[in-house]
Structures are given as C-alpha cells and as structure tokens.
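Asker: Dropping the sequence and predicted coords here.
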Amino acid sequence: MLEFRDAGQEPGEKRYEWLARAIESLAALPDVPERAMIPTEKQLGEAFGLSRQTVRRAMDRLVNDGLITRVAGRGTFLTPDDHTDDAFVTSTNLLASPLNAWYEVTTPLHTRIDVAAAGRLRLSSDEVSRVAFRRLNAEQPYGYTTVSMPVDIGELLTDVESLTYPQGGPGMTTVSELLDRRLPGGLRSAERSVTASPLTTEAAEALLREEGDITLQIDTVFFDRDARVVALQSSSYLPHTYSDRLTFVRTVRGTKR
C-alpha cells in the first residue's frame, strides 16, 4: 500500500486538489508499483487531516482522470498503464451535490409491488425493492429520491443501517455508490433523462412544498457489467437549488501517466 508524505498545501490550492496532487505525484515516482493499493478514505483523511467528503472528491477526480481504479470488495489501486476498461462515473459525478450535503431516509428499504418500476427494470415479476430519501444541505431539503431495484439486488443492501433504520437514518453515500462498490464489476453504465414534473404527495411532504409544484425530474437507469438493469433512481429537485455536472472519461490503450 502506498505511504504518503505531506508535501504541503500550495497557496490558493483547494484541499481536495492538494490531496489529488499528492497522490498523483507519488504515483509518478519510478519505484512505485504499477498496481499499488491506495489507502482507504478514512486512512487518507486521518493522514492529511481532511474530511471524508473532501477525500472522496479527490478520489473521484483521480478516477475520472484514469489514475486510480476502484475494485468492488478489494479497494482502490493505481490504474496500470495498459488499462483499457472505462471506469464507471458514479452518482457523485452524475448528480453533483454540495460537499456538505447529506441524505435522510424517509421510507426504509422494503419490498413492494410496483408495476411501473418493474417494467422499467425489465423484470418478469412486479415485485421490487425500494427505498426513498431526501437530500439536505444546511438542514434544508432540496431533493427527493426513490430507488427501485430487483429484489435480489436490494438484498445486497439490507445490512446498511442508514437505509433500513425504521425511522430513517442519515448518511453521506447514495444507493448507486453502494451498488457500485458491492456488485461484481461495479456499475458499468447509466442512462439519464431530465423533465419538468409536478411533485407527488410523497415528494412534496419530504421537500416541504405543495403537491403539484413543478420540479426537475431526473430519472437514471443503472446497468451492471452484464447489461442488466440493476436500479432505477428517480429524483425530484427544486430548480433553484440544483446544479448538474456530467463527466465523460475515455481511457486510451497504452496511455502513460
């Protein structure tokens, strides 16, 4: 595993940029193994005195740049020079929230009959696993999300307390991020659509708004490495609080660091 030395934060440099630069500089040294393992987010945070959100932002940047690769169930590693697989761009890049945003479950993970969701998930049964949560920043709700999954995929998340706590629990990690870590091979692709839609009763209650208020409706369908639909994420965002960033990454065979 790589061991880091504090190179010092440069004037005007953001803290996540500092960490990303430190990892990139060390990875460029000639004696560093090509597939060296990167310390965990917790270890990096303790070593550099940074918050978990700041460390995650630096790591996401390095994933997008193709320098590091996340391997579900194993950890994070330097990307070998001959690496050709496209890294999946996780929800932190698909749906960019403020760094201090957090998530509060409003309806814990459960199994239900949902004909519409089952159809979009391409299931032979109408039964799906579903969880709903709202996104908050400075204790103000700005987004409401439901995630529907095949029942066997939902079972991968039954040990996540923040998704199953009876009264709803706070968390920093979205369902798609959890699936990206737990599915063999992670999430491989996603399709997204954006429309203007009225709030449902459930969404309006979570966002402290009136039913029928117009919001940005963002639906994202996630696929695994076998092109199976593993999650349907439907989010309602208040237009004045939402910003969107989408990053495309192309990995070229033989590219050198």
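Answerer: Happy to help now that I have it.
Asker: So what's the residue count around residue 235?
Answerer: Residue 235 has 25 neighbouring residues, counting by other CB atoms under 10 Å. For glycine as for every other residue, the C-beta is placed from the backbone atoms N, C-alpha and C.
Asker: what's the closest non-adjacent residue to it?
Answerer: In space, residue 235 comes closest to residue 145 once its chain neighbours are excluded; the distance is 4.3 Å by CB to CB, 6 or more residues apart in numbering.
Asker: This protein: helices as residue ranges?
Answerer: 15-27, 41-48, 52-64, 91-94, 115-120, 151-154, 161-164, 175-182, 201-207 (DSSP state H).
Asker: Between the ones you listed, which has the poorest mean confidence score?
Answerer: Of all these, the minimum mean pLDDT falls on helix 91-94 (a mean of 41).
Asker: So, low pLDDT: which residues of this structure?
Answerer: The chain contains residues with pLDDT under 70 at 1-8, 29-35, 72-74, 80-101, 138, 166-173, 240-257.
Asker: Give me the domain ranges for it.
Answerer: Structural domains annotated on the chain: 15-83, 93-241, as defined by automatic domain parsing.
Asker: those strands in the stretch 101-250 of the chain, which residues are they?
Answerer: Here the stretch 101-250 of the chain has its strands, by DSSP state E, counting those that start in this stretch, at 102-113, 127-137, 140-149, 170-171, 187-198, 214-224, 229-237.
Asker: Pull up the pairing partners for the fifth one, direction included.
Answerer: The partner list of strand 187-198 in its sheet, established with DSSP bridges, is strand 214-224 (antiparallel).
Asker: Now the strand it pairs with: buried residues?
Answerer: Residues of strand 214-224 classed as buried by neighbour count (16 or more other CB atoms under 10 Å): 215, 216, 217, 218, 220, 221, 222, 223, 224.
Asker: Which two of those have the greatest separation?
Answerer: 215 and 224 (29.1 Å; CB to CB).
Asker: before we move on, the earlier item: which one of the helices of the chain lies nearest to residue 232?
Answerer: Of those, nearest to residue 232 by CB to CB is helix 115-120, at 5.2 Å.
Asker: by contact count, what packs against the closest one?
Answerer: The contact analysis (3 or more CB pairs under 8 Å, 6 or more residues apart in numbering; DSSP states H and E) places helix 115-120 against strand 127-137, strand 140-149, strand 229-237.
Asker: Make TSV from the ones you listed and add distance to residue 66 to it.
Answerer: Formatted as TSV, those follow (distance: least, CB to CB, whole Å):
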stretch	distance to residue 66
strand 127-137	29
strand 140-149	28
strand 229-237	24
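Asker: Out of these, which gets nearest to residue 57?
Answerer: Residue 57 lies closest to strand 127-137 among those, at 15.3 Å (CB to CB).
Asker: Please identify the buried residues of that closest one?
Answerer: Neighbour counts over strand 127-137 (16+ other CB under 10 Å) mark 128, 129, 130, 131, 132, 133, 134, 135, 136 as buried.
Asker: With distance to residue 53 as added columns, please give those residues in JSON lines.
Answerer: Output for the buried residues of strand 127-137, formatted as JSON lines (distance: CB to CB, whole Å):
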{"residue": "128", "distance to residue 53": "30"}
{"residue": "129", "distance to residue 53": "27"}
{"residue": "130", "distance to residue 53": "27"}
{"residue": "131", "distance to residue 53": "22"}
{"residue": "132", "distance to residue 53": "23"}
{"residue": "133", "distance to residue 53": "17"}
{"residue": "134", "distance to residue 53": "18"}
{"residue": "135", "distance to residue 53": "14"}
{"residue": "136", "distance to residue 53": "14"}
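Asker: which two in these are spaced the farthest apart?
Answerer: The most distant members of the buried residues of strand 127-137, if one measures by CB to CB, are 128 and 136, lying 25.5 Å apart.
Asker: Good, we can wrap up now.
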